[in-house]
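Peer 1: kindly return the folded structure for what I paste below:
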Amino acid sequence: MTTSDDNLPAKTPILIIEDEENVHEVLALQAQKGGFDFVFAKNGREGIDKMRSAPPAGGFAAVLLDIHMPETDGFWFLEEKRKDPA
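Peer 2: This next block holds a predicted model:
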């Protein structure tokens, strides 16, 4: 079974890069209600690591990115992603 985009398997997860735990909790509840699968990262570094370790066939359907985070922010993530498109 596939989604409307035939390149993505059904229930391809969405990567959420967000440092606020309360946002994780709200999105997890919405995911459960809507049938979505979310993968959470607490900063840009963790987000890059999760993208690199994602299965190549599925990857992530989308990435929701917080820009203002401690340690490695959203801008850092975008720069790293541009360097390593995998």
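Peer 1: every contact and neighbour count from this point should use C-alpha atoms.
Peer 2: OK.
Peer 1: show me what counts as buried in the lowest-mean-pLDDT helix or strand in the chain.
Peer 2: The helix or strand of the chain with the poorest confidence is helix 21-34; it has a mean of 88 (mean pLDDT, DSSP states H and E). Within helix 21-34, the residues that count as buried by 16 or more other CA atoms under 10 Å are 24, 27-28.
Peer 1: which one of those residues sits closest to Met51?
Peer 2: His24 (17.9 Å; CA to CA).
Peer 1: and the least confident helix or strand of the chain, how far out from the chain's middle?
Peer 2: 13 Å (CA atoms, centre = their mean, to the nearest Å).
Peer 1: cool, and stretch 79-86?
Peer 2: 14 Å.
Peer 1: go on, stretch 25-38?
Peer 2: Mean-position distance between stretch 25-38 and its chain equals 13 Å (CA atoms, centre = their mean).
Peer 1: name the helix or strand for Met51, please.
Peer 2: Met51 belongs to helix 44-53 when assigned by DSSP states H and E.
Peer 1: identify the residue nearest the geometric centre of the chain.
Peer 2: With distances taken as CA atoms, centre = their mean, the residue of the chain nearest its centroid is Leu15 (1.2 Å).
Peer 1: ok, the helix or strand containing that residue: who's next to it in the sheet?
Peer 2: Using DSSP H and E, Leu15 maps to strand 14-17. With DSSP bridges as the test, strand 14-17 is paired with strand 38-41 (parallel), strand 62-65 (parallel).
Peer 1: much appreciated, bye for now.
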